[in-house]
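>>> predicted model and sequence follow; I will ask about them next.
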Amino acid sequence: MKEKLGSILNNISFIPESQLEEFYKITSFKQIQKGDYFIQEGERPYSLGFVINGLFRYFYFNHKNGEEFTKGFILKNFALAEFSALIQNREAYYSIEALEDSTVAVIQYSQWQKLINKHNCWNKLIIKLLESGYCLKVARERELLLYDAETRYKIFLERYPGLEKRIKQHIIASYVGITPVALSRIRKKMGLINIS
């Protein structure tokens, strides 16, 4: 498990072996079952993670009408956190739910902060993570503001190949920003639903 975690980190940015050993000392591995949460809206997060295997989604919940809005998906080999809540030391604005049985390497944020002050490799890793997250956020905002639902669905299929077979259609609809019925119409138009 440690070797896999080291590989994930090194694929983001090079981490010397001595620093990986320091990282392993403050890391624990957590099994999260499908439907359970890494963090729920309203909770104060104290840790961040890296997905060893499995699948998660970030989502907002509208308490007035019961609607969910899926912000994004986190696949294996990616970081997992409600970073804005960690940075601002406040409650989470959104939930992070496991869509499959998953394994996460978990690090307490306070320990993480101590670690990043010890070696510059961790700052480089953070910059890479933030750059990647920022670029995805800009692309997502552009899609929601400029493109119609069918185009947004096509972008989802391109960005996350094979994911539509792993998650429920209502979750995809909430990511695209439409109702499940509207998504079914788009899928039928694209020939992705058999008419019988």
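Structure's in. What do you need?
>>> only C-alpha atoms from now on, for both contacts and neighbour counts.
Will do.
>>> report how many residues lie close to the closest residue in space to Lys4 that isn't next to it in sequence.
Spatial nearest neighbour of Lys4, chain neighbours left out: Ile52 (7.2 Å); criterion: Cα to Cα, 6 or more residues apart in numbering. By other Cα atoms under 10 Å, 23 other residues sit near Ile52.
>>> next: Ala81.
If we define neighbours as other Cα under 10 Å, then Ala81 has 23 of them.
>>> the bottom helix or strand of the chain by mean pLDDT?
One helix or strand of the chain scores below all others by mean pLDDT, DSSP states H and E: helix 2-12, with a mean of 90.
>>> and it, what does it pack onto?
strand 47-53, helix 120-146 (3 or more Cα pairs under 8 Å, 6 or more residues apart in numbering; DSSP states H and E).
>>> how about residues contacting the shortest one?
Residues external to strand 47-53 that are found in contact with it (Cα atoms under 8 Å, 6 or more residues apart in numbering): 1, 4-5, 74-83, 86, 102-110.
>>> paired strands for it, with orientation please.
Strands that pair with strand 47-53, judged by DSSP bridges, come out as strand 79-80 (antiparallel), strand 102-108 (antiparallel).
>>> now that strand: mean pLDDT?
For strand 47-53, mean pLDDT is 95.
>>> poorly predicted segments of this protein, please.
Scanning the chain for pLDDT under 70 picks out the ranges 193-196.
>>> so the most centrally placed residue in it bridges to which residues?
Residue closest to the mean C-alpha point of the chain, counted by Cα atoms, centre = their mean, is Ile74 at 2.8 Å. On the basis of DSSP bridges, Ile74 takes part in beta bridges with Phe56.
>>> repeat that for the one 5 residues further on.
The bridge-partner assignment for Ala79, based on DSSP bridges, gives Phe50.
>>> how close does it get to His119?
Distance of Ala79 to His119, given as Cα to Cα, to the nearest Å: 19 Å.
>>> ok, now Arg44?
28 Å.
>>> neighbour-wise, which of these two wins?
Arg44 (16 against 13).
>>> quick check, the more buried one in contact with Tyr93.
No: the criterion here is Cα atoms under 8 Å, and Arg44 misses it with Tyr93 at 9.5 Å.
>>> and for these two, which residues touch both?
With Cα under 8 Å, 6+ apart as the test, Arg44 and Tyr93 both reach Ala85.
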